[in-house]
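>>> All I have is the shape, not the residue letters:
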């Protein structure tokens, strides 16, 4: 297993070098979206509308933050269960999304779309939201403000720790760990 420091957004070539089990520290910009935001984005796409941000080469973090404490850009910022977005994810991957951050297993449909599009799925440690928030230097709501904590946010992150759980070749750390 290797360790990488990667700038986000990133292209397919970067995703191609990552393998399940690699430790990665992300730097740059990611977007947050959970269930309600994914549903709205999916419905917008079905109507032929643009997404509230360019999905190409970008990473979505499945996270709903708690309110920010004084002097901080965001409150606790832990991952949510990724499988709740599986219905919408293949479409976003087909539009060029390069990665996702969450926790838990993904469906075969998501795995297939990841392989087809050269994307990766990262896991952030559940229950460590307060610690993860220290890697977030800025947070701005950019769409669906009425959804509160489920609004789409643009986060600026520095040395945000994740593990590659599923790589662009279809390798799955959850499955490999179960084989031991």
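Structure's in. What do you need? Keep in mind it's a predicted model, so treat the numbers as computed, not measured.
>>> backbone phi and psi for residue 16, please?
phi -60, psi -30 (degrees, to the nearest 10).
>>> Run a quick check on it versus residue 164, I expect a contact.
No - using Cβ atoms under 8 Å, residue 16 is not in contact with residue 164; the gap is 11.8 Å. No exception for glycine: its C-beta is placed from N, CA and C like everyone else's.
>>> mean confidence for the helix ranked longest in the chain?
Ranked by residue count under DSSP state H, the longest helix found in the chain is helix 35-46. For helix 35-46, the mean per-residue pLDDT is 96.
>>> just stretch 122-129 next, same as before
87.
>>> For it, which residues meet the burial criterion?
122, 123, 124, 129 (16 or more other Cβ atoms under 10 Å).
>>> from the chain's centre, how far out does stretch 137-153 sit?
The gap between where stretch 137-153 is centred and where its chain is centred comes out at 15 Å by Cα atoms, centre = their mean, to the nearest Å.
>>> what's the first-to-last distance across it?
From its first residue to its last, stretch 137-153 covers 13 Å (Cα to Cα, to the nearest Å).
>>> May I see the buried residues of that stretch?
Under 16+ other Cβ under 10 Å, the buried positions of stretch 137-153 are 139, 143, 144, 147, 150, 151, 152, 153.
>>> And for it, what's in contact with it?
With contact meaning Cβ atoms under 8 Å, 6 or more residues apart in numbering, stretch 137-153 is reached by 31-37, 40-41, 52-53, 64-66, 68, 73-74, 154-158.
>>> make it 10 Å
27, 29-41, 44, 51-53, 60-61, 63-68, 72-75, 77, 80, 133, 136, 154-158, 160 (Cβ atoms under 10 Å, 6 or more residues apart in numbering).
>>> If you count neighbours, what's buried in stretch 7-24?
8, 9, 10, 14, 15, 18, 20, 22, 24.
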